[in-house]
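J.: Provide a 3D model corresponding to the input given below.
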Amino acid sequence: MSSSSNQSPVWPSPSKSPDTHDPLHLLGEMAGRRFRLEIASRTLVQASRPPPGFPAVLAVSNLDLVLGPFPIFLVSVYPAPAAGLAAVLSAVRAALPAYLSRFFPFAGRVVRDPETKVPEVACTNEGAELVVADAAVPLAAVDFAEVDESLGLIQIPFDASLAMSVQMVRFACGGFALTLGTTHLLADGRSFALLLSSLAEVVRTGALTHEPWLDRSLFRPRSPPRYSASLDAEFARFTPETMINPLLAAAIRRRLYRIEAADLAALQTAASAGGRRASRFVALCAHVWKLLARAVGDSDPCCRMAWIVDGRKLVEPWDGALDRYVGNVVTYTSREASVAELLRAPLSDVAAAARAAIAAVATEARFRELADWMEERKAAFRDGGKWTEAVNLGLGSPALVISGLLPFPIDGDLGFGRPSLVMPWVRHGRLGSASVTVVPSPSGDGSWFVGGTRIWPRLMEVIESDPGSLLKPATAASMGLAAPAGSRL
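T.: Take a look at the predicted model:
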């Protein structure tokens, strides 16, 4: 593919004021402004050694079909490396052919079966996309708290048939962002963490310690399918009739917050009771549920929390192999509770309710039933439709969906230093629920980032209006990106 543009990023022209050459003045001028990307190149990179005997078409599992195909991105933001951006790009470009040889389906194309219209992957080695782009601002001027003004501008849309788009955005300070784009059909949160960590290892060392598991046969449906009738109530067809209108969707905000390790520890202590110590994630869930209840107030008697639960440790055989599985092994669960009771209850009681909700679906049987249920729902793809979890639609009492990449090690070190932020990004579409994703800070200091994919303005007001709020809007300074390093030009 040919280059789309060769324009280089430039600093804004200074005004006549005598101090306009001061980097801090320039940051002040740039702060809060939308930046745009200039695409420097788009190329296709093929696997250098396609695995012999790999199937020409990779059939996805029924658990993949539950989520279906839509684009997802994992954005990693890095401070300026001492070696310079040219060295980073050269290393990534050189590593991709070997990387794609290990993750071969991602060098293919997402297609539809001619008869059933069920999506699948043609493993043709047509190549993954490598995009290089430039942003004419330093990272210190990026408003990371406003996700649409930061991560939403860093990610680059790609053709729906591509199984992977690797994107490097170079910033004027010498820092950069590396984004992996793929389809949710092929990867869940754990898979995304593995894709990034594996790419970093291949770039850094030229080798891969553990081979990925790409075989989806473990999740074949049973014959005959067997599942609880209650599953029908958990899902809905995702159609224009079940979506909120686009103007209402446009009012939904995206925010990025950070919570410090000490505050997480305090929540964990408050959420523990009766000799049972709550996990930090459950403690944060309880805190967020209470924030949701405050936001709802007297507008509805109830509100719901929903969780996305990873099932790798629940599905046999368990020998650690599923840690390397690339695909979807997740399910949803939700609980509705009285707003008044949530506001009145101690944090430990709310944490117990959250823990019980998660445990209810943390079984191998749940994932077997999901595979069987989807087997009898594939006809939806024939008319271009798909299913979604009903709680996502946002109908009924207010619902917030929370997920986390917390149990999964995410190593984004390409050999040039750790990233300052690693965060998934998805288009919120026309779903009416709120949604947040929790990711550990790559710094290793115990803090977490909480990414609000969909945040109602009222919930945002509750979170940010309290000066003592534990969820602080993320800033370049909090990520160690505040000091301008000077132009790379």
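J.: Quick test: name the residue nearest the centre of the protein.
T.: Pro424 (2.3 Å; C-alpha atoms, centre = their mean).
J.: wait, doesn't it sit right on Leu74?
T.: Yes. Applying C-beta atoms under 8 Å, one finds Pro424 in contact with Leu74, separated by 5.5 Å. Heads up, the C-betas are built off the backbone N, CA and C, glycines and all.
J.: shared neighbours of the two, anything?
T.: Contact with both Pro424 and Leu74 is made by residues Phe192, according to C-beta atoms under 8 Å, 6 or more residues apart in numbering.
J.: quick check, Val202 in a strand?
T.: No. Under DSSP: H, G, I helix; E, B strand; the rest coil, Val202 sits outside any strand and is assigned helix.
J.: For stretch 305-317, could you pull out the residues that count as buried?
T.: By 16 or more other C-beta atoms under 10 Å, the buried positions in stretch 305-317 come out as Met305, Ala306, Trp307, Ile308, Val309, Asp310, Gly311, Arg312, Leu314, Val315.
J.: Now for the last one: which residues touch it?
T.: Going by C-beta under 8 Å, 6+ apart, Val315 touches Leu218, Phe219, Leu322, Val329, Glu364, Phe367.
J.: Could I have the buried ones of the residues you listed as PyMOL selection syntax?
T.: Here is the PyMOL command that selects the buried residues among the contacts of Val315 (16+ other C-beta under 10 Å):
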select buried, resi 218+219+322+329+367
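J.: Let's have the contacts of Val315 in a markdown table, adding secondary structure and pLDDT.
T.: Output for these, formatted as a markdown table (DSSP: H, G, I helix; E, B strand; the rest coil; pLDDT from 0 to 100):
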| residue | secondary structure | pLDDT |
| --- | --- | --- |
| Leu218 | helix | 86 |
| Phe219 | helix | 90 |
| Leu322 | helix | 85 |
| Val329 | coil | 95 |
| Glu364 | helix | 93 |
| Phe367 | helix | 95 |
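J.: and which of the contacts of Val315 is nearest to Arg344?
T.: Using C-beta to C-beta, Phe367 is the member of the contacts of Val315 that sits closest to Arg344, with 35.7 Å.
J.: For the closest one, which non-adjacent residue is spatially closest?
T.: The shortest distance from Phe367 to any non-neighbouring residue, by C-beta to C-beta, 6 or more residues apart in numbering, is to Gly311 (4.8 Å).
J.: next one: Leu162
T.: Using C-beta to C-beta, 6+ apart, the closest residue to Leu162 is Glu129 (5.4 Å).
J.: isn't there a helix covering the one you found?
T.: No. The assignment for Glu129 (three-state DSSP) gives strand, which keeps it out of a helix.
J.: Tell me the pLDDT of it.
T.: For Glu129, the pLDDT comes out at 98.
J.: Same question for Ser420.
T.: At Ser420, pLDDT is 97.
J.: where does Ile358 fall, phi/psi-wise?
T.: phi -70, psi -40 (degrees, to the nearest 10).
J.: Let me see the ranges of the strands in the stretch 351-489 of the chain.
T.: For the stretch 351-489 of the chain, the strands defined by DSSP state E, counting those that start in this stretch occupy 387-389, 399-404, 421-425, 434-440, 448-455, 472-473.
J.: what mean pLDDT does the second one have?
T.: The reference is to strand 399-404. For strand 399-404, the per-residue pLDDT averages 96.
J.: circling back: bridging residues for the residue nearest to Leu162?
T.: Leu44, Ser165 (DSSP bridges).
J.: Report the contact partners of it.
T.: Met1, Arg42, Thr43, Leu44, Val45, Phe158, Asp159, Leu162, Met164, Ser165, Val166.
J.: Can you pull out the residues in contact with the helix or strand that contains Ala98?
T.: Assessed by DSSP states H and E, Ala98 sits inside helix 85-102. Applying C-beta under 8 Å, 6+ apart, the external contacts of helix 85-102 come out as 45-51, 78, 81, 106-107, 127-128, 130, 132, 164, 166, 168, 170, 174, 176, 178, 198-199, 202-203, 206, 208, 211-212, 414-416, 488.
J.: Chain neighbours aside, what residue packs nearest to Pro50?
T.: Using C-beta to C-beta, 6+ apart and skipping the chain neighbours, the partner closest in space to Pro50 is Asn125 (5.4 Å).
J.: that older thread, could you measure from the residue nearest to Phe367 over to Glu211?
T.: The gap separating Gly311 from Glu211 is 21 Å, by C-beta to C-beta, to the nearest Å.
J.: Over to Arg237?
T.: Relative to Glu211, and taking C-beta to C-beta, Arg237 is found at 38 Å.
J.: again, but for Thr475
T.: From Thr475 to Glu211 the distance is 40 Å (C-beta to C-beta).
J.: Looking at those two, which is more packed in?
T.: Thr475 (16 against 11; other C-beta atoms under 10 Å).
J.: In contact with the more buried one, which residues?
T.: Thr475 touches Phe144, Ala145, Ala482, counting by C-beta under 8 Å, 6+ apart.
J.: looking at it, the second one is touching Leu471, isn't it?
T.: No. In this structure, Ala145 sits apart from Leu471 without contact. The criterion is C-beta under 8 Å, and the distance is 10.6 Å.
J.: Spit out the residues that contact those two alike.
T.: Tyr257.
J.: helix/strand/coil for Ser223?
T.: Ser223 ends up coil, using three-state DSSP.
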